[in-house]
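Participant: sequence first, predicted model second:
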Amino acid sequence: MEKEETAKMTVTGATNNIPVTETWMRKHRLLYDGATRHPFILSIRQGSVDFSSFKRWLVIGQDYIFVRSFVPFVASVLVKSCKEPNNESDMEVLLGGMASLADEINWFKKEASKYHVSLTSVVPQNANVTYCRFLESLTGQEIEYPVAMTAFWAIESVYQQSFAHCLEEGGRVPQELQETCERWGNEGFGAYCNSLRDIVDRSLQKASAEVISKAEVCFLSVVEHEVEFWNMSTGDA
Ligand SMILES: Cc1ncc(CN)c(N)n1
């Protein structure tokens with residue numbers, strides 16, 4: 001076995017047959033489930049979620065702020081993808097991602113007007129500010145494509161799997177939140193997340209052990225930020 005290959009195996013624990021993202025999922029399952037099975041998500045699934053105006057404001061207002069910061073981050077990933085060899089399919093997936101963010105922004109505006117929330121007067125909470133700063137720190141040219149792609153995939157996947165869990169059999173999602181759960185928990189959004197994951201795995205195949213290790217750290221940071229994001233709903237953030 002080549003020296004470089006040995007280093008990769010040590011850092012990631014990956015074997016030839018198991019994609020790197022899958023090794024992370026197995027290794028960090030508890031942490032990941034902490035985000036996708038957060039008490040706030042479970043309360044939506046069980047139908048016990050508190051409909052106070054604060055929470056409506058939280059989900060619509062705070063997430064709107066987040067998504068507006070997410071767009072320049074995704075744009076920076078798109079720019080990086082243009083410099084990658086064999087990038088045509090990556091570009092298409094990323095453009096699809098941009099389109100879905102445009103839809104998200106419009107949806108937040110529609111929801112805000114339904115609940116009479118003024119999006120421009122929502123003050124970002126600390127956890128959100130920290131998360132948005134983290135995104136900004138990943139837009140620099142020095143951040144390698146596989147690292148930035150890892151963040152992108154993890155951010156979208158945690159959301160998709162959280163809301164998909166709400167919709168799984170046995171759930172009692174309140175009527176008012178059904179559309180929210182379907183928006184991110186639907187199969188199409190799941191397929192898009194799988195395309196992002198495939199790009200991550202492919203780009204990591206040719207990455208150095210150092211980049212793979214950075215990508216894993218980035219994955220863990222995203223999961224922690226997503227937990228903090230949900231914590232805002234219980235006032236713990
Ligand atoms: C915090 C968060 N993470 C992910 C998504 C899905 N784009 C979102 N809207 N907000």
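Facilitator: In hand now; what should we look at?
Participant: buried residues, the lengthiest helix in the chain. List them.
Facilitator: With secondary structure taken from DSSP state H, the chain has its longest helix at helix 88-114. Buried residues in helix 88-114, counted by 16 or more other CB atoms under 10 Å: D90, V93, L94, G97, S100, L101, E104, W107, F108, E111, A112. Yep, even glycine has a C-beta here, placed from its N, CA and C like the rest.
Participant: same question for stretch 41-53.
Facilitator: I41, S43, I44, R45, V49.
Participant: kindly export it (C-alpha atoms) in PDB.
Facilitator: Extracted in PDB, the C-alpha atoms of stretch 41-53 (Å, rounded to 0.1, in the frame of the first residue of the first chain):
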ATOM      1  CA  ILE A  41     -37.700  18.200  16.000                       C
ATOM      2  CA  LEU A  42     -39.200  15.400  18.100                       C
ATOM      3  CA  SER A  43     -41.800  17.900  19.500                       C
ATOM      4  CA  ILE A  44     -42.800  18.600  15.900                       C
ATOM      5  CA  ARG A  45     -43.000  14.900  15.100                       C
ATOM      6  CA  GLN A  46     -45.000  14.200  18.200                       C
ATOM      7  CA  GLY A  47     -47.300  17.200  17.700                       C
ATOM      8  CA  SER A  48     -46.500  18.700  21.100                       C
ATOM      9  CA  VAL A  49     -44.600  21.700  19.600                       C
ATOM     10  CA  ASP A  50     -45.400  25.000  21.300                       C
ATOM     11  CA  PHE A  51     -47.000  27.400  18.800                       C
ATOM     12  CA  SER A  52     -46.100  30.600  20.600                       C
ATOM     13  CA  SER A  53     -45.500  33.500  18.300                       C
END
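Participant: name the residue of the chain that lies nearest to the ligand.
Facilitator: Y159 (3.7 Å; CB to the nearest ligand atom).
Participant: which strands and helices sit next to the one helix or strand that residue maps to?
Facilitator: In this assignment (DSSP states H and E), Y159 forms part of helix 145-167. Using 3 or more CB pairs under 8 Å, 6 or more residues apart in numbering; DSSP states H and E, the elements in contact with helix 145-167 are helix 29-36, helix 39-46, helix 63-82, helix 175-185, helix 187-205, helix 209-231.
Participant: for Y145, find the nearest of those helices.
Facilitator: helix 63-82 (4.5 Å; CB to CB).
Participant: let's have the buried residues of stretch 41-53 in a markdown table, adding pLDDT.
Facilitator: Below are these laid out as a markdown table (pLDDT from 0 to 100):
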| residue | pLDDT |
| --- | --- |
| I41 | 94 |
| S43 | 93 |
| I44 | 93 |
| R45 | 96 |
| V49 | 90 |
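Participant: okay if I get the residues you listed as CSV plus distance to E168?
Facilitator: Listed next are the buried residues of stretch 41-53 as CSV, based on distance: CB to CB, whole Å:
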residue, distance to E168
I41, 11
S43, 15
I44, 12
R45, 8
V49, 16
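Participant: what about the ligand: which of those residues touch it?
Facilitator: With CB under 6 Å from any ligand atom as the criterion, the buried residues of stretch 41-53 include none near the ligand.
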